[in-house]
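**Student:** Need coordinates for the below:
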Amino acid sequence: MSQTRDLQGGKAFGLLKAQQEERINEINQQFLDDPKYSSDEDLPSKLEAFKKKYMEFDLNEDGGIDIMSLKRMMEKLGVPKTHLELKKLIMEVSSGSGETFSYSDFLKMMLGKRSAILKMILMYEEKAREQDKPTGLPAKKAISELP
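**Tutor:** Numbering: from 1, shown residues only. So this is what the prediction gives:
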């Protein structure tokens, strides 16, 4: 940690993000090497997507998502939750204290068979985003249809 003390603002943040990404990449590699997940040929792309999602919300870069990070995540997804609901979500995913959940916990939830509430919210959000993208050219409008 002493090397981040000498850095200021953006540089320290960049270094923390790089260290965080390195830790997450190591965890991803463990999942890629795990025979339990070897049948999932989409695993590398899923892990990359999960890494981006997790890093977006692990705001304090301590490796865990706490209740405030989860609160921001849910609000950003348009699904705000009460304090009690957030605590339940964390308890459902966490393998530790129940105050936070780690990236490993997050991956086990996303790749596991159990349908955790947080997993369903994230999957629904991903599907909604796919449907929002219009494909092809916009339909032609008659002059009478214009505002």
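
**Student:** any idea where the strands of this protein begin and end?
**Tutor:** Here the chain has its strands, by DSSP state E, at 64-65, 101-102.

**Student:** Switch those over to JSON lines; also include mean pLDDT and mean neighbour count.
**Tutor:** Bear in mind the C-beta positions are built from the backbone N, C-alpha and C, glycine included. Output for these, formatted as JSON lines (pLDDT from 0 to 100; neighbours: other Cβ atoms under 10 Å):
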{"stretch": "strand 64-65", "mean pLDDT": "86", "mean neighbour count": "22"}
{"stretch": "strand 101-102", "mean pLDDT": "88", "mean neighbour count": "23"}
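
**Student:** quick one, which of the ones you listed is nearest to residue 95?
**Tutor:** For residue 95, the closest of the strands of the chain is strand 101-102, at 7.4 Å, according to Cβ to Cβ.

**Student:** what about that closest one, distance to the chain center?
**Tutor:** 11 Å (Cα atoms, centre = their mean, to the nearest Å).

**Student:** what's in contact with that strand?
**Tutor:** 63-65, 90, 93-96, 109 (Cβ atoms under 8 Å, 6 or more residues apart in numbering).

**Student:** at 6 Å what do you get?
**Tutor:** With contact meaning Cβ atoms under 6 Å, 6 or more residues apart in numbering, strand 101-102 is reached by 64-65, 90, 93-94.

**Student:** Tell me who's in contact with residue 77.
**Tutor:** Listed by Cβ under 6 Å, 6+ apart, the contact partners of residue 77 are residue 125.

**Student:** Distance of it relative to residue 36?
**Tutor:** 28 Å (Cβ to Cβ, to the nearest Å).

**Student:** and if you look at residue 72?
**Tutor:** 31 Å.

**Student:** In this protein, what helix or strand scores lowest on average pLDDT?
**Tutor:** One helix or strand of the chain scores below all others by mean pLDDT, DSSP states H and E: helix 2-5, with a mean of 46.

**Student:** what about residue 71, how many residues close to it?
**Tutor:** By other Cβ atoms under 10 Å, the residues close to residue 71 number 18.
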